[in-house]
Structure formats: structure tokens, C-alpha cells
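J.: A predicted structure for the sequence below; I have some questions about it.
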Amino acid sequence: MSKRSIKMTMSAVLVAAAALTATAPANATPARGPLADVRVATHFDLSTGQMPENITLLPDGTAAVTFAAGRQVARVTPRGTTRILATLPAPADGGVNTPVLGFPLATGIVHTPDGTVYVLYATGTADLTGLWRLRPGQAPQRIAALPAGGLPNGLALDRHSKQLYITDSVLGTVWTVPVTGGTPTAWSTAPELASTGFLGANGAKVRDGALWVTNLDQGTLLRIAIRSGNRAGAPQVKASGMVGIDDFAFTGRGDEILAALNAPNTVVRIRPDGTSTTVLDATDGLQNPTSVALRGNDVYVLSAAYTTATDPNLLRAPARPPVGPGPARYEYRSTHHE
């Protein structure tokens, strides 16, 4: 796939999203911090579809990422070396019937302690759309089929119950399926998950007995309690006014999170009271950020360059301001590395 064809395929769809999301969050303050010493750790190859969509940090110090347009899962070392682990099979029709986007894409990714990686794949076809499992040394295998008319996007793991939660950005649904695979159950179809014309429910994380979900179109961060019997509670809006919000990570400081805002081209820190501050923007190298992860005090941010079509990359930054006078140091220690 050439750089020109990728740009034509994706920008035609996502320019509409950019128009919806180009403004800064309504409740975000312009002050910068606490991230400093930001650097581009890895540049990816746009011409081969290496648009990084989601990330999971592996115990060996590497990161596993999905390349949306490349239909691939890759491993990135701390030195920035990228190795392709698997390429998902191409749909017979080329993926032109993939809802909203019109191309097949690999999206959410998580891992279990034994090294198994789970990946979501959207193709617009019944034979390939769904949850895929990648075990070391084995070919990827689909273990749960999802509706061809949907777009599975965010993936979260509850390690206690061994349940996976899947957001569908087109159908406005959260699905649940055990890590062993099987028939997914529609866990929640609350209106708070719906799109308003482009993509709805997006990023997902499990924390303290609840599933947290973002809605890209509605610009919201939701908390949905996981009740007994794996029943969904009513969504609570924890933050709003952030149209374009994609995936996110908890910082380890209560319910504070760092979230990627795709078309606005920013990463924001969202406090438990719902207010937010911009901590990264285009001047730091962001190119349509898609997801955030934390390991110790290091923050990882993927940028897919969906509309900029310039430099898909992985940024790294220590979550603290430079040593010297100024505000107290932030210590971000995430305990959630799904």
C-alpha cells in the first residue's frame, strides 16, 4: 500500500472527524505539564500502513502495538526497533465494506501474563471481524466473531474475572467475552455509547470494579460499574467536552487519567473532578494521538497520523517536570498495563 493510497483512503473519511474535533476541549486549561523531556522513540513507516492504533506494554520491557492500515501486530523494543509479529488475513473484498472507514484495520490490543496477545480486527466481513488471539510461535486465530456491520475498537481485560470487554464504535455497544473465546454477549447498549455520526464508544480500561469507556463523538469519559453476574451498571459521565477523545491510561493517582485526543492533536490529563489540562500537543511531535500507556514513570503515546499523513510515531516522556524550581513533581505509577 503506497503512502498516496493510504492518504487518499483515510483522509477522505477522517477529514470529517477533524472538523468535529479540531477545537480544544472546552474544560481544558492551556497550562502545560507535568510531562517534559518528550522525545520521539520510534518513527513508523506510513507507506506500509504502520499507523499505530493501540498499545499494550509487555513484561519483558517491549511494547506490542497494532498497525491499523497494515492489519499487523508489532513489537517495539526500548531501543525503538520494530518487529512484525503477525499480519491478519486480508478480506476478499479488500475491506471496502468496513463500516465508516472503508478499509480493514487492526484496533484494540491487550495481553495476559502468559504472553498471549488479544487483538481486535474490523473488516466489514463476517468471516474475519472479531477478536483474535496471538500466542508466541503460533499463527493468529479468531476466537470470537463480532458483527460485520460493527467496528470493534477498544479492548480491555479484567484479569480477575478473565473477561474481555470490547467497545463497538459503530453499533454503540460494549461486548464481553471470556479470554477463552466464544460467543460475545452484548454487555451494554446504553445511549451514552452511541456515535453522533462518526465513531462512538472507543477506548476502554477496567479499574476497581468498573469499565471505563470514552466516546469519541460525544467527547465523554464514562464509568460503568461491573455488577455481580457480570452485569453492566448505568454509565456515569466522569468528564465531558473532549470531542475526539480516543484511548487513555490511568496514572496510578486515583481516577486521574491521561487521554489521547485524536484530531485536536493533544494529550490531556483528566482529574477526578472532570477538569483537564493539556500536557502534550503538536509541538511535542504528536500526529493524531490514538493511545497512551504508562510503565513506572514513563509515558508512551502512539500517533497514527490519520489526517496529518506525516509521521506516525511513538513518543516517550518521563511524567515529571525538569529538576529545578517549579511545581511539585508528579509520580505516575500505573498498575494497569492491559
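T.: Yep, that arrived. Numbering: from 1, shown residues only.

J.: quick one: low-confidence parts of the chain?
T.: Low-confidence segments of the chain, defined by pLDDT under 70: 1-34, 319-338.

J.: Show me where it has its helices.
T.: 3-21 (DSSP state H).

J.: With M242 as the reference, measure out to Q236.
T.: 16 Å (Cβ to Cβ, to the nearest Å). Bear in mind the C-beta positions are built from the backbone N, C-alpha and C, glycine included.

J.: sorry, that was for L88
T.: L88 sits 30 Å away from M242 when distances are taken as Cβ to Cβ.

J.: neighbour-wise, which of these two wins?
T.: Higher neighbour count among L88 and M242: M242, with 28 against 21, using other Cβ atoms under 10 Å.

J.: isn't the more buried one right up against L221?
T.: Yes. Assessed by Cβ atoms under 8 Å, M242 is found in contact with L221 at 7.2 Å.

J.: and for those two, which residues touch both?
T.: Residues touching both M242 and L221 (Cβ atoms under 8 Å, 6 or more residues apart in numbering) are 259, 270.

J.: and T189, what does it touch?
T.: With contact taken as Cβ under 8 Å, 6+ apart, T189 is in contact with 171-174.

J.: Quick check: N202 touching L216?
T.: Yes. With contact defined as Cβ under 8 Å, N202 counts as touching L216 (4.6 Å).

J.: joint contacts of these two?
T.: With Cβ under 8 Å, 6+ apart, N202 and L216 have common neighbours 169, 245-246.

J.: Which PyMOL command selects the buried ones in those residues?
T.: A single PyMOL command selects the buried members of these (16 or more other Cβ atoms under 10 Å):
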select buried, resi 169+245+246
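
J.: Distance to L128 for the shared contacts of N202 and L216 - can I get that in CSV?
T.: Shown next, in CSV, are the shared contacts of N202 and L216 (distance: Cβ to Cβ, whole Å):
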residue, distance to L128
S169, 17
I245, 28
D246, 23
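
J.: Most neighbours of all the contacts of T189, which one?
T.: Taking other Cβ under 10 Å as the neighbour criterion, V174 ranks highest of those with 27 neighbours.
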